[in-house]
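Visitor: sharing a sequence plus its predicted fold:
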Amino acid sequence: EKEAAEHLTICARIASQQLSNATQNAGETSHPQAGEQIGWALEQRIRRVVFGEWEIEPTYTSAYPPDIACLPIIYVCEYCLTPIRNRIAYDRHRQECTWIAPPGDEIYRKDGLSFFEVDGEKQPDYCRDLCLLTKLFLKHKTVHESDQVPSFLFYVLTEAQPEGYRILGYFSKVRSFTITKVLFQPFNI
């Protein structure tokens, strides 16, 4: 209840600020920095990420949608990477989620570890969610923009568990070039 009240208060302040800015700028060209400041305020609100059995404090910000970005805690499904707004919905999602592996081709397997190649063009939502999650831990991860995700291939390292393949990390690359970013989650190592 405390999280919900804090979330509603934050969202109300943001909506009020947006309305105030829109009223002040009526008839004028919108100041580009106003939107950036609102976005920055939204991004600053994510203080913890629940990912599977881990609860992690992000190092950086990410461009999640406003209804997610203004939450102090977000919940991310460890299999389909869907960001979820509250614990009850997260627990329900975990029971109902049918994903057990990344949505790509398994290209390597040895000793319980597998690499899956996920095509950003075929799986844009999964890849975008992967990038948004990564952006919380890497300062310069910017592939989440919808026009860029399709041009990338994502190589997701997983560990086989009884429930499915848990993500350990990944790297991505432009189809015809070399590796661009690598993330291995420190809470798994």
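Guide: On my side now, so go ahead. Residues are numbered from 1 along each chain as shown.

Visitor: tell me how many other residues crowd Glu55.
Guide: The local packing of Glu55 (other C-beta atoms under 10 Å) involves 12 other residues. Backbone N, C-alpha and C define where each C-beta goes, glycine included.

Visitor: so which helix or strand takes in Tyr126?
Guide: In the assignment (DSSP states H and E), Tyr126 maps to helix 124-135.

Visitor: that helix: which residues count as buried?
Guide: Under the neighbour-count criterion of 16 or more other C-beta atoms under 10 Å, helix 124-135 has 126-135 buried.

Visitor: counting contacts, what elements does it pack onto?
Guide: strand 83-84, strand 113-119, strand 152-161, strand 164-174 (3 or more C-beta pairs under 8 Å, 6 or more residues apart in numbering; DSSP states H and E).

Visitor: tell me what angle it forms with strand 152-161.
Guide: With axes from the mean of the first three to the mean of the last three C-alpha atoms, to 10 degrees as the basis, helix 124-135 and strand 152-161 are set at 80 degrees to each other.

Visitor: could you give the angle of helix 124-135 to strand 164-174?
Guide: Helix 124-135 and strand 164-174 are oriented at 90 degrees to each other (the same axes, to 10 degrees).

Visitor: shift numbering so it begins at 29
Guide: OK, 29 is where the count begins now, so the last one is helix 152-163.

Visitor: tell me the angle of helix 152-163 relative to strand 141-147?
Guide: Here helix 152-163 runs at an angle of 120 degrees relative to strand 141-147 (the same axes, to 10 degrees).

Visitor: can you map out the helices along the protein?
Guide: Using DSSP state H, the helices of the chain run over residues 30-52, 60-71, 94-97, 115-124, 152-163.

Visitor: mean pLDDT for these: which is lowest?
Guide: Across these, helix 60-71 has the smallest mean pLDDT, namely a mean of 50.

Visitor: so the protein: which segments form each domain?
Guide: As assigned by automatic domain parsing, the chain contains the domains 30-124, 133-212.

Visitor: got the helices and strands packed on helix 152-163 as CSV, with distance to Ile84 and mean neighbour count columns?
Guide: Formatted as CSV, the helices and strands packed on helix 152-163 follow (distance: least, C-beta to C-beta, whole Å; neighbours: other C-beta atoms under 10 Å):
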stretch, distance to Ile84, mean neighbour count
strand 111-112, 14, 20
strand 141-147, 22, 18
strand 180-189, 17, 19
strand 192-202, 13, 19
